[in-house]
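Undergrad: I would like the atomic coordinates for the input below:
(4 chains)
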There are 2 protein chains.
Amino acid sequence: MTTDTLARPAAAAAKTPVEQQLATAQDLFIRRWGEMGQTWGINRTMAEIHALLYITARPLCTDDVMDRLNISRGNASMSLRALCDWGIVRRLHKRGERREYFESLGDVWEMFSLIAAERKRREMDPVLETIRQCQQMLDEASLGKAAAKREDVQATRQRLAGMEEFMAVTNKIFQQFIGNARSGLTKVVKVLLKAF
Amino acid sequence: MTTDTLARPAAAAAKTPVEQQLATAQDLFIRRWGEMGQTWGINRTMAEIHALLYITARPLCTDDVMDRLNISRGNASMSLRALCDWGIVRRLHKRGERREYFESLGDVWEMFSLIAAERKRREMDPVLETIRQCQQMLDEASLGKAAAKREDVQATRQRLAGMEEFMAVTNKIFQQFIGNARSGLTKVVKVLLKAF
DNA sequence: AGAATGTTTCAGTACCTACTGAAAGTTGGA
DNA sequence: TCCAACTTTCAGTAGGTACTGAAACATTCT
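TA: A predicted model of the protein is given here:
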């Protein structure tokens, strides 16, 4: 089932052996990156496009992407836009050319920061808010004297508190990464690796 | 489209007001946790079952789960097994009872460690290996004198190297968490908060 | 052994996400 | 102003994942 991993068309026309090998190596990376994306909730094509832009390390236009990955124009357009929204791909106008080019950020640490910031905002923050909302509901529910002592209510309260603490701390760590970008992250890493 | 978020049946029969409010608060948390799971590559039901076991803080049997979340026996069985495989839910035999119960770990930090370890193994390690494989392919490709100097080959090499460094360091950080669980993470947090 | 109780598996299906391709929209040049 | 080059949108659909429900399987009790 993964045996045809290498079968994806490398790219079109006449190539030198070296070019072919380069394309094959790139395809291997692109494919794997796409697979990983999926298991982290990023769709395969988007991850593959990003991998392509990152690994080729030069600006590509929509048609380049379509041809290389064998996807439709619509798909390429939507995915490129989404990548730009995440901030990990940049639009680029070449002087004297009408068509737009796209290039990936080159700094993996910076990309990670951008992604972390966005996912925190989109996914962790809402959960934290929900937890607090739940806690409030339980507070109101157990205004009655006896109610407050029900063990099931107590148990749920404790679990909510445990999760809240975890999410709050995780959020804080994320925040350290965010905004510090490269310098911040490498510093973080150094500090961490030394501390253990 | 998210308006019926609260419409999910709270649970069946006759309940005191407090019980109802408790169930409602729990459902809210369960639902949100399920949503978040999806965006992190964990299927909704599995995340919901886990949330249910965590938030109720007592062992539940398959039928409890089925009834509360309104899912089929097959689905409940498969998902519970998967949760046990991850190690964040434990099977539990009650004395004198035939049926099996399930309970969630109570320590969020420990759960996080288990999940991190497993995802590292399943998802990051293969990518690291692929990157090294790609690098090797390029090494072979550019044995020829001129080939090694092609700028496209050079560029791809650099990008691969950047990604490799990132993944290697990330892996190392994960490894610090794994096995250290709570103490490890809180230590990380302390170190970080002091360093900035 | 058979019945009672509980669990797992899996073929079929519902549902949902991601993709295509063509039409509509946009921008710049003549 | 119209044309040419290029981009975006979106209705329809393909393909994939997750779910159901029933049958097969397991275990314990009588």
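
Undergrad: Just the buried positions in the lengthiest helix in chain A, please.
TA: For chain A, the helix with the greatest residue count under DSSP state H is helix A:151-177. Within helix A:151-177, the residues that count as buried by 16 or more other Cβ atoms under 10 Å in any protein chain shown are A:153, A:155-157, A:159-160, A:162-164, A:166-167, A:169-170, A:173-174, A:176-177. Placement of C-beta: from N, CA and C, glycine included.

Undergrad: same thing with stretch A:53-65?
TA: In stretch A:53-65, counting by 16+ other Cβ under 10 Å, buried: A:53-57, A:59-61, A:64-65.

Undergrad: secondary structure element for the most centrally placed residue in chain A?
TA: Nearest to the mean C-alpha position of chain A, by Cα atoms, centre = their mean, lies A:Ile115 at 4.7 Å. Secondary structure assignment for A:Ile115, by DSSP states H and E: helix A:108-119.

Undergrad: packing partners for that helix?
TA: helix A:73-86, helix A:151-177, helix A:181-195, helix B:151-177 (3 or more Cβ pairs under 8 Å, 6 or more residues apart in numbering or on different chains; DSSP states H and E).

Undergrad: relative to helix B:151-177, how tilted is it?
TA: If you take axes from the mean of the first three to the mean of the last three Cα atoms, to 10 degrees, helix A:108-119 sits at 60 degrees to helix B:151-177.

Undergrad: Average pLDDT for helix A:108-119, rounded please.
TA: Averaged across helix A:108-119, the pLDDT comes to 90.

Undergrad: how far does the helix or strand following that helix sit from the chain's center?
TA: Using DSSP H and E, the helix or strand that follows helix A:108-119 towards the C-terminus is helix A:125-141. Mean-position distance between helix A:125-141 and its chain equals 28 Å (Cα atoms, centre = their mean, to the nearest Å).

Undergrad: do stretch A:142-160 as well
TA: 39 Å.

Undergrad: just to revisit the earlier point, the residue nearest to the centre of chain A contacts A:Val89, correct?
TA: No. Counting by Cβ atoms under 8 Å, A:Ile115 stays clear of A:Val89, with 11.9 Å between them.

Undergrad: Apart from its chain neighbours, what residue comes closest to A:Gln135?
TA: A:Leu160 (5.4 Å; Cβ to Cβ, 6 or more residues apart in numbering or on different chains).

Undergrad: Now do the same contact list for that neighbour.
TA: Residues in contact with A:Leu160 (Cβ atoms under 8 Å, 6 or more residues apart in numbering or on different chains) are A:131, A:134-135, A:138, B:29, B:55.

Undergrad: give me that answer again for 6 Å
TA: A:Leu160 is in contact with A:131, A:134-135, counting by Cβ atoms under 6 Å, 6 or more residues apart in numbering or on different chains.
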